[in-house]
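Student: The amino acid sequence is not available; the structure is as follows:
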Ligand SMILES: Nc1ncnc2c1ncn2[C@@H]1O[C@H](COP(=O)(O)OP(=O)(O)OP(=O)(O)O)[C@@H](O)[C@H]1O
């Protein structure tokens with residue numbers, strides 16, 4: 001369902017020169033598989049997730065999601081493809097502050113199917129335990145509840161792949177495991193493949209497949225001037 005081949009990404013640096021952040025010969029994830037990615041801070045894990053999602057365009061190589069090489073698509077094409085095939089859970093949730101939980105989840109469907117499936121939005125919010133908070137805005141929700149809305153939104157467009165970038169980084173320890181369980185269980189139920197980045201070994205050890213970023217990536221973020 002996901003296959004990366006010789007994916008490269010460089011960034012021009014503010015002080016001059018270029019930083020090679022990604023040089024990944026190969027990474028594959030099967031349909032419905034759950035993979036955890038660990039690695040040192042600043043190594044390029046978020047850049048990898050952005051590249052898989054098509055938020056960032058790879059400089060070279062293939063990023064094949066569901067049979068399509070998104071590295072060959074235009075920015076608009078990547079945006080459309082992402083909306084229909086990929087869910088994303090951000091560290092900082094990225095909810096729209098002016099909209100309720102239900103509206104945020106419905107907006108997650110807009111680009112994918114072009115339809116607002118209100119029943120599905122409600123179902124997802126019920127699934128993440130927010131049946132009684134659907135009409136609350138993000139500022140009226142706890143941080144953990146906001147992340148639950150973000151999880152519901154990420155699945156709204158019926159993605160085949162969910163990318164979760166340190167989804168518990170801003171959650172208090174007592175609620176971290178609940179969020180991890182929620183992501184893993186809903187992915188299983190919806191047969192969504194999962195690639196989850198974490199700094200927590202306690203979280204990583206729960207996965208059958210642990211990938212170390214340093215083993216995947218030849219670049220190791222060394223600057224060349
Ligand atoms: N748009 C950009 N322009 C220039 N450099 C960038 C850009 N985006 C990321 N970088 C650099 O790429 C490197 C990798 O960043 P990235 O955010 O992918 O790391 P990370 O592994 O996700 O880190 P963390 O675990 O701390 O979140 C960093 O050194 C960062 O400064």
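Tutor: Cool, got the structure. Treat the numbers as computed from the prediction; the structure is a model and nothing was measured.

Student: For the residue nearest the centre of the chain, list each beta-bridge partner.
Tutor: Nearest to the centroid of the C-alpha atoms of the chain, with distances taken as Cα atoms, centre = their mean, sits residue 163, at 2.3 Å. For residue 163, the beta-bridge partners are residue 88, residue 195 (DSSP bridges).

Student: Report the separation between it and residue 100.
Tutor: Remark: distance between residue 163 and residue 100 (Cβ to Cβ, to the nearest Å) = 25 Å. All C-beta atoms are positioned from the backbone trio N, CA, C, and that covers glycine.

Student: same thing with residue 185?
Tutor: With distances taken as Cβ to Cβ, residue 185 is found 24 Å from residue 100.

Student: Tell me which of those two has more neighbours.
Tutor: Under the criterion of other Cβ atoms under 10 Å, the comparison of residue 185 against residue 100 puts residue 100 first, with 20 against 11.

Student: which stretch of helix or strand covers the closest residue to residue 44 other than its chain neighbours?
Tutor: Beyond its immediate neighbours in the sequence, the residue positioned closest to residue 44 (Cβ to Cβ, 6 or more residues apart in numbering) is residue 21, lying 4.0 Å away. Using DSSP states H and E, residue 21 falls within strand 18-29.

Student: What segments of this protein are strands?
Tutor: Per DSSP state E, the chain carries strands over the ranges 2-12, 18-29, 34-38, 60-65, 68-69, 86-89, 161-165, 193-197, 209-212, 223-224.

Student: Could I get the ones you listed in TSV, plus columns for distance to the ligand and mean pLDDT?
Tutor: As requested, the strands of the chain are arranged in TSV below (distance: least, Cβ to the nearest ligand atom, whole Å; pLDDT from 0 to 100):
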stretch	distance to the ligand	mean pLDDT
strand 2-12	3	96
strand 18-29	4	96
strand 34-38	9	97
strand 60-65	15	95
strand 68-69	22	92
strand 86-89	14	95
strand 161-165	7	97
strand 193-197	7	98
strand 209-212	12	97
strand 223-224	9	43
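
Student: So which of the ones you listed is nearest residue 44?
Tutor: When the strands of the chain are compared by Cβ to Cβ, strand 18-29 sits nearest residue 44, at 4.0 Å.

Student: The ligand contacts on this protein?
Tutor: If contact is defined as Cβ under 6 Å from any ligand atom, the residues of the chain in contact with the ligand are 11, 19, 21, 39, 41, 42, 43, 44, 45, 46, 47, 221.

Student: rerun at 5 Å
Tutor: 11, 21, 41, 42, 43, 44, 45, 46, 47 (Cβ under 5 Å from any ligand atom).

Student: Assess the claim that the second one and residue 11 are in contact.
Tutor: Yes. Using Cβ atoms under 8 Å, residue 21 is in contact with residue 11, at 6.1 Å.

Student: Looking at the two, which one has more neighbours?
Tutor: The residue with more neighbours, out of residue 21 and residue 11, is residue 21; 24 against 17, by other Cβ under 10 Å.

Student: residue contacts, that one?
Tutor: By Cβ atoms under 8 Å, 6 or more residues apart in numbering, the contact list for residue 21 reads 9, 10, 11, 44, 47, 219, 221.

Student: Restricted to buried residues, select the residues of the chain next to the ligand in PyMOL.
Tutor: Only the buried members of the residues of the chain next to the ligand end up in this PyMOL selection, burial being decided by 16 or more other Cβ atoms under 10 Å:
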select buried, resi 11+21+43+44+45+46+47
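
Student: Pull the most distant pair out of the residues of the chain next to the ligand.
Tutor: 11 and 41 (16.3 Å).
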